[in-house]
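> make a model of this:
(one chain, ligands or ions: 1)
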Amino acid sequence: MVSVHKYTVEENLPHKFGEYVLQRQEDALEKAKVFNVAISGGSLINVLEEALIDDSTIAPKIKWNKWNVYFVDERIVPLDHKDSNYCAFKETVLDKLDVLPKVYPIDDSLVDAGAEAYKEIATDYEEVLPTKLDLLLLGCGPDGHTCSLFPGDHHKYLINEKTERVLWCHDSPKPPSDRITITLPVMKDAEAICFVSMGSSKQDAMRHIFDLKDTAMPSALVNELFGSKVSWFVDDKAFETVTSKY
Ligand SMILES: O=C1O[C@H](COP(=O)(O)O)[C@@H](O)[C@H](O)[C@H]1O
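All right, here's what the predicted structure looks like:
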């Protein structure tokens with residue numbers, strides 16, 4: 001069963017999320033010298049800023065020098081492009097830090113080289129990723145996608161993948177069209193998985209995931225497959241139409 005943490009604006013979701021991340025950091029550093037985290041792009045990056053930089057009780061406890069930061073998905077664009085998840089993370093988080101984590105972006109030298117090169121970007125990134133990540137920080141799109149694992153027959157090859165850990169996602173329904181994404185085997189091996197979902201644009205997805213348990217939505221499939229290590233931080237707007245008790 002997944003854990004769902006639901007908050008109103010006054011209850012300050014980013015702070016509670018920050019406490020959760022801190023706990024995962026401490027747990028990881030008890031066992032190893034580094035904390036291996038993979039992050040999403042999109043709205044999650046702003047929550048990272050609020051939780052880990054702007055929150056004055058959380059910020060001093062984040063041991064950035066011990067963090068290795070990877071990306072659960074990345075758009076195949078130059079790293080300084082506005083659509084790059086790395087670029088968003090750099091501008092929103094990294095540029096505000098005095099002590100930097102080790103960050104592992106994609107190799108963007110091949111972004112203009114076409115299909116074969118895109119497969120290579122994915123394969124190369126697979127080699128960069130550690131086998132076991134301590135924490136995956138995921139978003140959930142209004143269509144229930146997570147990472148760049150999109151719903152629908154055309155993208156079934158992504159969630160059906162059993163061996164390769166990073167794939168090229170083509171014809172993404174959300175631009176830009178070419179991306180790389182981690183696959184379910186990476187999630188299977190991760191220590192913990194945490195979603196953040198905020199705002200009314202997520203209501204329909206939340207109802208499908210939490211009431212209807214519609215595993216055609218990749219985020220619902222993650223719940224079904226890896227439930228006991230999955231946490232959701234949701235706000236009351238996103239969860240407004242969910243009727244099941246969590
Ligand atoms: O395209 C993407 O979208 C998802 C969801 O983004 P959000 O802004 O709706 O939260 C994100 O998790 C993923 O990393 C990103 O590439």
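
> quick one: the strands in the chain, in order.
Remark: strands assigned in the chain by DSSP state E are 3-7, 35-39, 67-71, 73-75, 102-103, 135-138, 166-169, 179-182, 193-197, 230-235.

> now render the ones you listed as JSON lines, adding mean neighbour count, mean pLDDT and distance to Ile159.
For glycine as for every other residue, the C-beta is placed from the backbone atoms N, C-alpha and C. Formatted as JSON lines, those follow (neighbours: other Cβ atoms under 10 Å; pLDDT from 0 to 100; distance: least, Cβ to Cβ, whole Å):
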{"stretch": "strand 3-7", "mean neighbour count": "17", "mean pLDDT": "97", "distance to Ile159": "22"}
{"stretch": "strand 35-39", "mean neighbour count": "24", "mean pLDDT": "99", "distance to Ile159": "17"}
{"stretch": "strand 67-71", "mean neighbour count": "22", "mean pLDDT": "99", "distance to Ile159": "18"}
{"stretch": "strand 73-75", "mean neighbour count": "28", "mean pLDDT": "98", "distance to Ile159": "13"}
{"stretch": "strand 102-103", "mean neighbour count": "14", "mean pLDDT": "98", "distance to Ile159": "27"}
{"stretch": "strand 135-138", "mean neighbour count": "26", "mean pLDDT": "99", "distance to Ile159": "14"}
{"stretch": "strand 166-169", "mean neighbour count": "25", "mean pLDDT": "98", "distance to Ile159": "10"}
{"stretch": "strand 179-182", "mean neighbour count": "28", "mean pLDDT": "98", "distance to Ile159": "10"}
{"stretch": "strand 193-197", "mean neighbour count": "26", "mean pLDDT": "98", "distance to Ile159": "15"}
{"stretch": "strand 230-235", "mean neighbour count": "22", "mean pLDDT": "98", "distance to Ile159": "16"}
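
> and those as CSV, adding distance to Tyr118?
Conversion of the strands of the chain to CSV gives the following (distance: least, Cβ to Cβ, whole Å):
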stretch, distance to Tyr118
strand 3-7, 36
strand 35-39, 20
strand 67-71, 15
strand 73-75, 11
strand 102-103, 21
strand 135-138, 22
strand 166-169, 4
strand 179-182, 8
strand 193-197, 26
strand 230-235, 29
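
> of these, which is nearest the ligand?
strand 73-75 (4.8 Å; Cβ to the nearest ligand atom).

> the ligand contacts on the protein?
Counting by Cβ under 6 Å from any ligand atom, the chain comes close to the ligand at Ser40, Gly41, Gly42, Ser43, Leu44, Asp73, Asn85, Gly139, Gly141, Ser148, Lys174.
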